[in-house]
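Engineer: sharing a model that was predicted from the sequence below.
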Number of protein chains: 2
Amino acid sequence: MLCICQLKRLVFITLMTVVVVSYGDLSVAYQPDAAFEIEQERNSEIWSQQEIIISSKLNKLLRKYGKRPNIIYILADDIGWGELGSYGGGKVRGTPTPNLDVLASQGMKFNSHYAEPTCTPTRVALMTGRIPARTGLDGVLFPGQTKGLVAEEYTLAELLSDSGYHTAMFGKWHLGEKDEHQPTNQGFDYAFYTLYNGGVWPWAENSEYYDFENTTIGEIPYQLDMPKNYKEEFGIDILGILESRKRDLPKEIAPLSLERYNKHDDELADKVISYVEQNAKSEKPFFVYYASNANQVFACPPEYRGAEHVDEGNCQASQLAQHDVNVSRIIAKLDELNIAENTLVVWMSDNGPMYRFFPSSGYSWLRGHKGQAYEGGVRTPAIAYWPGVIETGQDPMDLIHVTDWYTTAARIAGGFDKIPSDRVTDGIDQTSFLINGEGYSHRNYIYHYANGTDSRDTSKTMHLAAVRYRDVKRHIKSRETYNIIRDPGEKFPSQPKYLWFNVVSKQMIARHKNMMQRYPNRVLWDEYDAKISE
Amino acid sequence: MLCICQLKRLVFITLMTVVVVSYGDLSVAYQPDAAFEIEQERNSEIWSQQEIIISSKLNKLLRKYGKRPNIIYILADDIGWGELGSYGGGKVRGTPTPNLDVLASQGMKFNSHYAEPTCTPTRVALMTGRIPARTGLDGVLFPGQTKGLVAEEYTLAELLSDSGYHTAMFGKWHLGEKDEHQPTNQGFDYAFYTLYNGGVWPWAENSEYYDFENTTIGEIPYQLDMPKNYKEEFGIDILGILESRKRDLPKEIAPLSLERYNKHDDELADKVISYVEQNAKSEKPFFVYYASNANQVFACPPEYRGAEHVDEGNCQASQLAQHDVNVSRIIAKLDELNIAENTLVVWMSDNGPMYRFFPSSGYSWLRGHKGQAYEGGVRTPAIAYWPGVIETGQDPMDLIHVTDWYTTAARIAGGFDKIPSDRVTDGIDQTSFLINGEGYSHRNYIYHYANGTDSRDTSKTMHLAAVRYRDVKRHIKSRETYNIIRDPGEKFPSQPKYLWFNVVSKQMIARHKNMMQRYPNRVLWDEYDAKISE
């Protein structure tokens, strides 16, 4: 016989189950990687209980605001693990980030957030929820390359558009030059953007070597074999600032001169703020993707250079200080518009530091750098802020990967069932982690791809370089195995304890490759590379 | 003509000057190193203005409590830079320190605190205010060695005794075995202590290799050529727990078995708390030196092992968790007794991690380890807590060195004029830094001694290995030069900018050596070493 309280609980669960279904049956379309299928099966009971809390919270918000939550993803460039004050950096490293530190303390500061090791791969991972190997965009795109984000990928912007969102993109796109690749052909209603870090790169016609004190940048032999007539050839100033609207061709706004680049992050934040203002009261929620150019080389915003505790000899520090203020301006706007509670803001860096341009470069406490599968290459600072939904003051150790932001956004937007079923989506829905807190990540593994991870692993093309399972990580070619909690700096490889991991990692790799056979990777053809190799 | 406000100011300054003099004329006895003499001259005007604020604050306290401030120095063992949560470690590294993190946030967290690179040298530096080269104790003492802290050194305990303080020592002494070397023959009224890390070292008769999962300790070929009859030979259980009172010979309490060692930090904290309770209402202030044994190898307090976020496979993590609680118990007692405002508490680590015993070892985000002049060896976490006097929430970048705690205590205790004038005292009075805050450190240089700093510098005896001036540091033998703000991990040596530092560091070294000629270093004779080399 059921007692009353049991009955009450049954009714509650039944009601909640209806609510869950209203969010879409989570098990239909979505095809994760094999490692996650195992986890799903193992945790099905616990996770369905978590769903009750999640759905209850999200439905409460839906009733209050009458629309799904807004989503703002801010992707910073080349900021290493530990540079923010809240990660033990800040003034210690000459890179104070007071506003991001406040944001971290008011939300969730991720201690184990992982990205892909370079720009384009992280960007495509965020846009598709798929590791770059699957999309064919497994390396950094340089001007002249014809590869890019193809129409067949179903981007986060497309998914959110189809789920009833306004969508806009601001900043560094870095996912191809062709019409097909442009953000407004990939689901964004509006974009104000650059294809690369524009005019600031040495190969650009209008590049200026910023003559800041003591830089070694002028000495770097970094010159792509770039056609001088690219504007005619590509029909667009691929190094300038562009603007476009859905399905329009991009319009050239201006070249990204050094002078403009010094203010470009301010300009981007201004555009984000206007967009938020315009859409705050719309009946549709909005998705903003703000890919800051800050922290890439060659700019040095004068008003931040040498500000209190900002290392004057490191222009990257001035850019970070500028970006830090810009993030706070966006947050302040959400408060002002009373929409902070219905807006998920995620700030993250795309990969580890690019030491090639030291002293004006990012920095990491960890071993390795951009391009590598060592922690310094792939572990990045990241913060989620959603007052009233994400509890303040959290700093979880749970694993989370950049692809998860795709799947999580899909879930929050009520568009989970739109995730294509004909391909693997690596992103995992982390709504439970955000809402229920530390210990509730649904991820316990990562496949780290890289271009060369160490002296024994010099492959120039992107390849599976390391496997992470819970606290343990194995670099495949060098066979180094580390406990990443005990030894975050990857100083002491292959402690005897981890012999068992040889077996586990082999199984994981086999399953991963097997899945790739069932769902083959996209292979992209690059005309420019082909021309050069002729 | 003087206006009234100017007159008022004049009267105020005159009054304050009288107060300053009442604290002793700071320029008479004290003989600093040459580098500081230059700074003193350069800053004489500013610093004498700072004196006004310092004296005003200290006098206010003196009037309120009727006695000088109590002083508690807590010295932890082998905890690396970055292990505490407040330094970007904590749960990230499996070593949570919630209580020390609170302490850091309520006081001053030093980002640039430097110690000597090993145990004995840091301890003698703290006790004498002199870099170890001057005292002859420039290396780690091992059982059987006959060197130690000689009677001719004027210890902080002697200075504070002579200034009217109760003085007591708890924990790991590590400054010699002979009667002359014992803490109660060096100014302490009372001591409850061990000479080494006692019974836990492999050479001890009663040592037990703690068989915790996956340790590699058993494999370490670490065995000193130690006389088995040391008890007869030295007349004392040099590996056990000792107790003594002023000028008495030490009494043996118990061997430091592993079981007892697991609780030894609790026992030490209990003793500290009793001592504080007994002396809180005395008309004399007290000085407590609590040198925790925590974080040295071989103990693994079971009640902390594998506690939340505490890495179970790292016994050092359990000891740190235990010590973290013990520090909080002492702080709570100060509050309870209403003496926190009149008590300066300083917590610091003695040197960087000893990776030899990894995985049960300290850890540092920085390059290098115990014994080295790289940041990982000498940059240590440190916190000063003095509610109402030290402003909360500070995390200064100013340089401070372990010897400064000697001179600062002398100043606070009103015993500055007792500092001997016949020798160099390297410690700098940092009262202005504590009271006036960031930017007020009086130190802008450090001479880093080490045993071997890198592959090119393999010297086994302690020697001047690196010189620091403001943000720049030069390793002498390898000629590596780093900007420690820009590159705290010492990854990018000898940027072209720092060619000028070759000249500056040479001048600094010449002045330093010149001063050593005027005031020669003490040379200690070790009978045991001599016997072995016969």
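Structural biologist: Everything's here; your move.

Engineer: how about low-confidence regions in the stretch 251-400 of chain A?
Structural biologist: The stretch 251-400 of chain A contains residues with pLDDT under 70 at A:296-298.

Engineer: which residues of it fall in strands?
Structural biologist: Taking DSSP state E, counting those that start in this stretch as the criterion, the stretch 251-400 of chain A carries its strands at A:251-255, A:286-291, A:343-349, A:382-385, A:400-401.

Engineer: which of the residues in the fourth one are buried?
Structural biologist: Same thing as strand A:382-385. Buried residues in strand A:382-385, counting neighbours by 16 or more other CB atoms under 10 Å in any protein chain shown, are found at A:A382, A:I383, A:A384, A:Y385. (C-beta placed from N, C-alpha, C; glycine too.)

Engineer: just put those in TSV and tack on distance to chain B.
Structural biologist: Formatted as TSV, the buried residues of strand A:382-385 follow (distance: CB to the nearest CB, whole Å):
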residue	distance to chain B
A:A382	14
A:I383	15
A:A384	17
A:Y385	20
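
Engineer: how much space separates the residue in chain A that chain B sits nearest to from B:Q319?
Structural biologist: Distance from chain B to each residue of chain A (CB to the nearest CB) is smallest for A:G88, at 2.1 Å. Noted for A:G88: a distance of 22 Å to B:Q319, by CB to CB, to the nearest Å.

Engineer: equivalent analysis for A:A191, please.
Structural biologist: Note on A:A191: its distance to B:Q319, by CB to CB, is 55 Å.

Engineer: poorly predicted segments of the stretch 401-534 of chain A, please.
Structural biologist: In the predicted model of the stretch 401-534 of chain A, residues A:452-460, A:495-496, A:528-534 satisfy pLDDT under 70.

Engineer: how about the residues of it by chain B?
Structural biologist: With CB under 8 Å from any CB of the partner chain as the criterion, the stretch 401-534 of chain A meets chain B at residues A:N483, A:I485, A:R486, A:D487, A:P488, A:G489, A:K491, A:F492, A:Q495, A:P496, A:K497.

Engineer: quick check on those residues: which are buried?
Structural biologist: A:N483, A:I485, A:R486, A:D487, A:P488, A:G489, A:F492, A:Q495, A:K497.

Engineer: that older thread, who has more neighbours, A:G88 and B:Q319?
Structural biologist: Taking neighbours as other CB atoms under 10 Å in any protein chain shown, A:G88 and B:Q319 compare with B:Q319 leading, 33 against 25.

Engineer: let me see the domain layout of chain A.
Structural biologist: A:62-443, A:448-533 (automatic domain parsing).

Engineer: quickly compare those domains and say which is most buried.
Structural biologist: Neighbour counts (mean count of other CB atoms under 10 Å in any protein chain shown) averaged over each of those peak at domain A:62-443, with a mean of 22.

Engineer: so the strand or helix carrying A:T120 versus strand A:286-291, what angle?
Structural biologist: In this structure, A:T120 sits in helix A:119-128 according to DSSP states H and E. Counting by axes from the mean of the first three to the mean of the last three CA atoms, to 10 degrees, helix A:119-128 points 170 degrees away from the direction of strand A:286-291.

Engineer: which other helices and strands contact helix A:119-128?
Structural biologist: Helices and strands touching helix A:119-128, by 3 or more CB pairs under 8 Å, 6 or more residues apart in numbering or on different chains; DSSP states H and E, are strand A:70-76, helix A:132-135, helix A:156-162, helix A:404-412.

Engineer: tell me the mean pLDDT for the first one?
Structural biologist: pLDDT averaged over strand A:70-76 equals 98, rounded to a whole number.

Engineer: circling back to that earlier point, pull up the gap between the residue of chain A closest to chain B and B:Q106, please.
Structural biologist: Taken as CB to CB, the span from A:G88 to B:Q106 is 19 Å.

Engineer: could you find the closest non-adjacent residue to A:T403?
Structural biologist: A:G427 (3.6 Å; CB to CB, 6 or more residues apart in numbering or on different chains).

Engineer: pretty sure the one you found sits against A:R134.
Structural biologist: No. Between A:G427 and A:R134 there is no contact under CB atoms under 8 Å: 11.4 Å.

Engineer: can you list the buried ones among the residues of the stretch 401-534 of chain A next to chain B in a markdown table and add distance to B:S244?
Structural biologist: Formatted as a markdown table, these follow (distance: CB to CB, whole Å):
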| residue | distance to B:S244 |
| --- | --- |
| A:N483 | 43 |
| A:I485 | 42 |
| A:R486 | 39 |
| A:D487 | 41 |
| A:P488 | 43 |
| A:G489 | 42 |
| A:F492 | 41 |
| A:Q495 | 42 |
| A:K497 | 43 |
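
Engineer: please identify which pair of these lies farthest apart.
Structural biologist: A:G489 and A:K497 (17.7 Å; CB to CB).

Engineer: returning to what we had before: now, the buried ones among the residues of the stretch 401-534 of chain A next to chain B that are in strands?
Structural biologist: A:N483 (DSSP state E).

Engineer: wait, what's in contact with the closest residue to A:F433 other than its chain neighbours?
Structural biologist: Sequence neighbours aside, A:S441 is the residue nearest to A:F433 in space, at 4.3 Å (criterion: CB to CB, 6+ apart). The contact partners of A:S441, taken as CB atoms under 8 Å, 6 or more residues apart in numbering or on different chains, are A:P396, A:D398, A:L399, A:I400, A:Q430, A:S432, A:F433.

Engineer: nearest to A:L239, of those residues?
Structural biologist: Of these, the one sitting nearest to A:L239 (CB to CB) turns out to be A:I400, at 33.6 Å.

Engineer: may I have the phi/psi pair for the spatially closest residue to the closest one that is not a sequence neighbour?
Structural biologist: Using CB to CB, 6+ apart and skipping the chain neighbours, the partner closest in space to A:I400 is A:H113 (5.2 Å). Main-chain dihedrals, A:H113, degrees, to the nearest 10: phi -100, psi 130.

Engineer: and A:H113, what's its pLDDT?
Structural biologist: A:H113 is given a pLDDT of 98.

Engineer: how close does it get to A:I253?
Structural biologist: Distance of A:H113 to A:I253, given as CB to CB: 33 Å.

Engineer: what of A:E180?
Structural biologist: A:E180 is 21 Å from A:I253, by CB to CB.

Engineer: next: A:N99.
Structural biologist: Distance, A:N99 to A:I253, by CB to CB: 27 Å.

Engineer: tell me the residues of chain A that contact chain B?
Structural biologist: Residues of chain A lying close to chain B by CB under 8 Å from any CB are A:82, A:87-89, A:91-94, A:111, A:213-214, A:216, A:309, A:311, A:313-314, A:355, A:358-359, A:363, A:365, A:395, A:397, A:483, A:485-489, A:491-492, A:495-497.

Engineer: so which of those residues are in helices?
Structural biologist: Per DSSP state H, helices hold no members of the residues of chain A next to chain B.

Engineer: list the residues that contact A:Q40.
Structural biologist: Here A:Q40 is in contact with A:P32, A:W47 (CB under 8 Å, 6+ apart).

Engineer: tell me the pLDDT at it?
Structural biologist: 95.

Engineer: doesn't it belong to a helix?
Structural biologist: Yes. Counting by DSSP: H, G, I helix; E, B strand; the rest coil, A:Q40 falls inside a helix.

Engineer: how close does it sit to A:P32?
Structural biologist: Taken as CB to CB, the span from A:Q40 to A:P32 is 7 Å.
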